[in-house]
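Q: have a look at this prediction, sequence included:
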Amino acid sequence: MVALQPGKRRIVASPAAWLVWGAVAFFLVNLAGVVGSVLVSSFGTRWFGTWLPEGFTTNWYADAWRSFGLFDVVSVTLQVSLLVVLISVLIGVPASYVLARRNFPGKRLVYFAFLLPILMPPITYGIPLATVLYKYGFAGNMSGVVLANLVPSVPFVILTMTPFIEQINPSIESAARMCGAGMRALFLRVLGPLLVPGILAASILVLVRTVGMFELTFLTAGPDSQTLVVALYYSMSAAGIRAQQSVDAMAVIYTSTMLVLLVIALRYVNPTQLVARVKEAPEP
Amino acid sequence: MTATLERAERQAQTPALRHRLAERGVDRQLLLLVPALLFVVLLFLYPFFYGLQLSFAPEEGGPLASYAAFFADPYQRGTIWITLGLALPAALLNVLASVPIAYRMRGRFRGKRLLTTVLVVPITLGTVLTAQGLLNFLGPAGWFNKILTAFGVDEPARLVGNYWGVFFSLVITGFPFAFLLILSYLSGIDPTLEQAAATLGADWKQRFRRITLPLLAPGLATTFCLAFVLAFSVFPSAVLVGNPAGETRVLALAAYQAAYEQYDYSLASAIAMVMGAVELIVIAVVLLWRSRLYTGSTGGKG
C-alpha cells in the first residue's frame, strides 16, 4: 500500500483522471435529470413547455394508488418475488454445494445446463415456456409467474453460491464429519451459519431481479397476477388512457420500493465482493 | 452349488460397483443435485425443445417454412441487424466505460461507498421510470433541449422515439451492472502484484497493460457477455422510447408480435430460436477470443 501512496496522489491531478471523473459527472447529471423530471412531473399539476410545472400536488399518488388497484399489484409482486426467492434458494444451494465440492463425470455438462438460462435472452425461452405453461394450465395465474421467474433465478443462485462455498475451508466439514455429523447436521449446524451471508446476498439479488423482471412475467401473467413492472408497462404503452403524471407517480412508487430493497441489500453485501473475495487494505 | 456361488459373487459385486462409482465421484451426495437438474430439465430444456420442434412444425408448408418466412421478409430479417446494432455498441460502451472508472475506484478513499451506491442506484430505476424519464428529460420540450436552446442551439435534438432513446435506456440500465461486475473483478486482483511491478520500476501504463489487463481479461469477457445478453433482449424500452414500427423493431418485439398478435406460434418460436442462435454466436466469438488471450487463475478467487 505504501508503494501506491505517491501514485494515488498523482492520479487525483492527472488529466486522464479529470476526464474520467468528468464523464462520471456528466453521466450523473443527466441521470439526475432523467430521474428528477419524473419526480417533478409526478408532483406537478400542469406542465407544458416550461421549466417547472405550474403548481405542485400529491394527487397523482392517490390517483395512481386508487385507479391501478396498486395494493393488489404490490401484494402480488411481493408474494411472487418472495416465493421465487424461497424456492430458488432451497433448490439452488444444495446444488451449488455439490458443484463446489465434488468432481463427477458430466460436471461440466451440468454446469453448462445451469449457465444456459442465464445466457439466453428471456424472450427466447420465455415464449416456448409460456406456451408449455399454458398447455398445462399454469400460465395466466400466479403459479405460472412464479415458475417462469424461477428459470433464471435458480441458476443465478447456483452461480453466485458456488464460488462462495468454494471459499469455505473443506477441512471444517471434515472435522464435523469426524465428530459424527451426518449430512443434515452438517448443513444445519456447520455450513448453514457460514453460508448465511452468501444466501442473503443471493436472495436479495434474486429479489431485485424478480421485482424488475419484465419479459417472463409479461408473457405468463394473467390480469390478476401482474407484477408492478408489467402493470406499469401496460399503463404506459396504452398511452392516453392514463394521465402521464399518474404513470410517473406509479414509476416513482416502483423505484422507491426497489431502492429500499437495494439499500437493505447494500447493508449486508459489499457489492464489490460478489464475484471475488477482495483483498483490501485493513482499516487503519 | 454354482448358483449360490454366483449369488455370492454378485453380492460381493454390488458394493464393489458402488465403490467403483464412488471412486469416480458418484455417490449419494450427488442426489442433492437432483432437484436443480429436474428443474432445469422441466422448465428450461423441455420448453426449449418444445419450441424448437414447434418452429419446425408450421401450420402450412414444409418443416423450414417458418424460418423461410422469417428470412425471406426483409422487414423481419432486418430485426437481427437492428438488435445487434443496438446491443453491441451499448454493451461495448458499458464495459469499456466501466474499466477506467472502476480502475480509479479501487483502494480506499473517502466517499467510495457513497459513489458506488450512486453508480449502482440506476439498477432500481426499472424500464418504465427510465423510459418516462428519458421522454420527459430528452423530449423536445424537456430540460435537456431547454439547456441546448439556452446555449444557442436552434433545432431541438431528436433523442427519443428513435434509436438514441433506446440506446440511452440501455446505457442507463446496463452500465450499473457492468460497472459492478468490473469493479469486483478489478478489486479481486491482488494489489500486491501491481506493487511488485511498481517496485521493479513499471509505470502505471506498463502495470495496467502487463498485469491488470491480462488478469482482467476473463472478467472483461464475462462482463461483456452478460451486458450483451442484457442489451440483446431489450424489449419494453424499444416500445416505450423507441420507434417500434421501424428503427428499433428488435428481435424480441418481432417474436412477441408473431406469438401474441398473429398467433403464429411456429413463427414466434422460429424467431426466438434465431434470436438465441445469434446471441450464442456472439458470446462464442467473445469467449473464443478470450481463450486465446490468457487462461488460468485470475488471481481473484481464493
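A: That came in fine, so what should we check first?

Q: how about low-confidence regions in the chain?
A: Looking at chain A here, since you left the chain open. Applying pLDDT under 70 to chain A picks out residues A:1-13, A:47-50, A:239-242, A:268-284.

Q: I was thinking of chain B, sorry if that wasn't clear
A: Judged against pLDDT under 70, the low-scoring parts of chain B cover residues B:1-15, B:24-26, B:107-108, B:293-302.

Q: try 50
A: Counting by pLDDT under 50, the low-confidence segments of chain B come to B:297-302.

Q: pull the longest helix from it.
A: With DSSP state H applied, the helix covering the greatest number of residues in chain B is identified as helix B:74-104.

Q: okay, buried residues for that helix please.
A: Of the residues in helix B:74-104, those scored as buried under the neighbour-count criterion (16 or more other C-beta atoms under 10 Å in any protein chain shown) are B:76, B:79-80, B:82-87, B:90-91, B:93-95, B:97-104. C-beta coordinates here come from the backbone N, C-alpha and C atoms, glycine included.

Q: hey, where'd the helices end up in the stretch 101-250 of chain A?
A: Along the stretch 101-250 of chain A, counting by DSSP state H, counting those that start in this stretch, helices occupy A:107-119, A:122-135, A:142-166, A:170-178, A:183-185, A:192-212, A:215-220, A:228-237, A:244-268.

Q: the second one - contacts with which helices or strands?
A: Think helix A:122-135. Taking 3 or more C-beta pairs under 8 Å, 6 or more residues apart in numbering or on different chains; DSSP states H and E as the contact definition, the neighbouring helices and strands of helix A:122-135 are helix A:142-166, helix A:215-220, helix B:46-55, helix B:251-260, helix B:265-293.

Q: burial measure for A:Arg209, as a count.
A: Here the number of neighbours of A:Arg209 (other C-beta atoms under 10 Å in any protein chain shown) works out to 17.

Q: same check on the one 3 residues further on?
A: A:Gly212 has 21 neighbouring residues, counting by other C-beta under 10 Å.

Q: could you double-check that it lies in contact with B:Leu129?
A: No. Counting by C-beta atoms under 8 Å, B:Leu129 is not a contact partner of A:Gly212; they are 10.8 Å apart.

Q: can you pull the phi/psi pair for A:Gly44?
A: Per-residue torsions, A:Gly44: phi -90, psi 150 (degrees, to the nearest 10).

Q: hey, what's it bridged with?
A: Beta-bridge pairing of A:Gly44, defined through DSSP bridges, involves A:Phe56.

Q: check contacts around it.
A: With contacts defined as C-beta atoms under 8 Å, 6 or more residues apart in numbering or on different chains, A:Gly44 is in contact with A:52-57, A:245.

Q: can I get the helices of the stretch 101-250 of chain A in CSV including distance to B:Phe56?
A: Written out in CSV, the entries for these read as follows (distance: least, C-beta to C-beta, whole Å):
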stretch, distance to B:Phe56
helix A:107-119, 20
helix A:122-135, 13
helix A:142-166, 23
helix A:170-178, 47
helix A:183-185, 45
helix A:192-212, 32
helix A:215-220, 21
helix A:228-237, 31
helix A:244-268, 40
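
Q: quick one: closest of these to A:Trp65.
A: Taking C-beta to C-beta as the criterion, A:Trp65 comes closest to helix A:244-268 out of these, the separation being 8.1 Å.

Q: how many residues are close by residue 207?
A: Let's take chain A. Applying other C-beta under 10 Å, we find 21 other residues in the vicinity of A:Leu207.

Q: can you look at chain B instead?
A: By the criterion of other C-beta under 10 Å, B:Arg207 has 19 neighbours.

Q: can you check the one 5 residues further on too?
A: By the measure other C-beta under 10 Å, the count of residues near B:Thr212 is 19.

Q: what do you get for A:Ile264?
A: The tally of other residues near A:Ile264 (other C-beta under 10 Å) stands at 13.

Q: picking up where we left off before, deepest of the helices and strands packed on helix A:122-135, which one?
A: Between the helices and strands packed on helix A:122-135, the one whose residues have the most neighbours on average, counting mean count of other C-beta atoms under 10 Å in any protein chain shown, is helix A:215-220 (a mean of 26).

Q: what's that one packed up against?
A: Helix A:215-220 sits against helix A:122-135, helix A:142-166, helix A:228-237, with contacts defined as 3+ C-beta pairs under 8 Å, 6+ apart.

Q: ok, and what's touching the first one?
A: Translated: helix A:122-135. Residues lying outside helix A:122-135 but in contact with it, judged by C-beta under 8 Å, 6+ apart, are A:117, A:139-140, A:144, A:147-148, A:151-152, A:213, A:215-216, A:219-220, B:43-44, B:46-48, B:50-52, B:54, B:233, B:235, B:251-252, B:255-256, B:259, B:265, B:268-269, B:272-273, B:275-276, B:279.

Q: any idea how far that helix is from the chain center?
A: Distance, stretch centre to chain centre, for helix A:122-135: 21 Å (C-alpha atoms, centre = their mean, to the nearest Å).

Q: state the phi and psi torsions of B:Leu64.
A: Torsion angles, degrees, to the nearest 10, at B:Leu64: phi -100, psi 10.

Q: show me the contacts for it.
A: Neighbour list for B:Leu64: B:Phe56 [criterion: C-beta under 8 Å, 6+ apart].

Q: gap between it and B:Phe71?
A: The gap separating B:Leu64 from B:Phe71 is 10 Å, by C-beta to C-beta, to the nearest Å.

Q: excluding chain neighbours, what is closest to B:Phe179?
A: In space, not counting the residues next to it along the chain, B:Phe179 is nearest to B:Ser98; the distance is 4.3 Å by C-beta to C-beta, 6 or more residues apart in numbering or on different chains.

Q: residue 188: how many residues sit nearby?
A: No chain specified, so I'll use chain A. Applying other C-beta under 10 Å, I find that A:Leu188 has 11 neighbouring residues.

Q: chain B is the one I meant
A: B:Gly188 - counted by other C-beta under 10 Å - has 23 other residues nearby.

Q: that one and B:Phe228, how far apart?
A: B:Gly188 is 21 Å from B:Phe228, by C-beta to C-beta.

Q: before we move on, what about A:Thr257?
A: The gap separating A:Thr257 from B:Phe228 is 28 Å, by C-beta to C-beta.

Q: and the helices in the stretch 51-200 of chain B, which stretches?
A: Ranges of helices in the stretch 51-200 of chain B, per DSSP H, counting those that start in this stretch, are B:65-72, B:74-104, B:112-120, B:126-138, B:143-150, B:163-188, B:191-199.

Q: out of those, flag the one nearest A:Ala64.
A: Across the helices of the stretch 51-200 of chain B, the minimum distance to A:Ala64, taken as C-beta to C-beta, is reached by helix B:126-138, at 12.4 Å.

Q: give me the contacts around that closest one.
A: When contacts are taken as C-beta under 8 Å, 6+ apart, the neighbours of helix B:126-138 outside the stretch itself are A:30, A:33-38, A:41, A:212, A:214, A:229, A:232-233, A:236, A:244, A:247-248, A:251-252, A:254-255, A:258, B:122, B:125, B:142-145, B:157, B:159-160, B:165, B:168-169, B:172-173, B:236-237, B:240-241.
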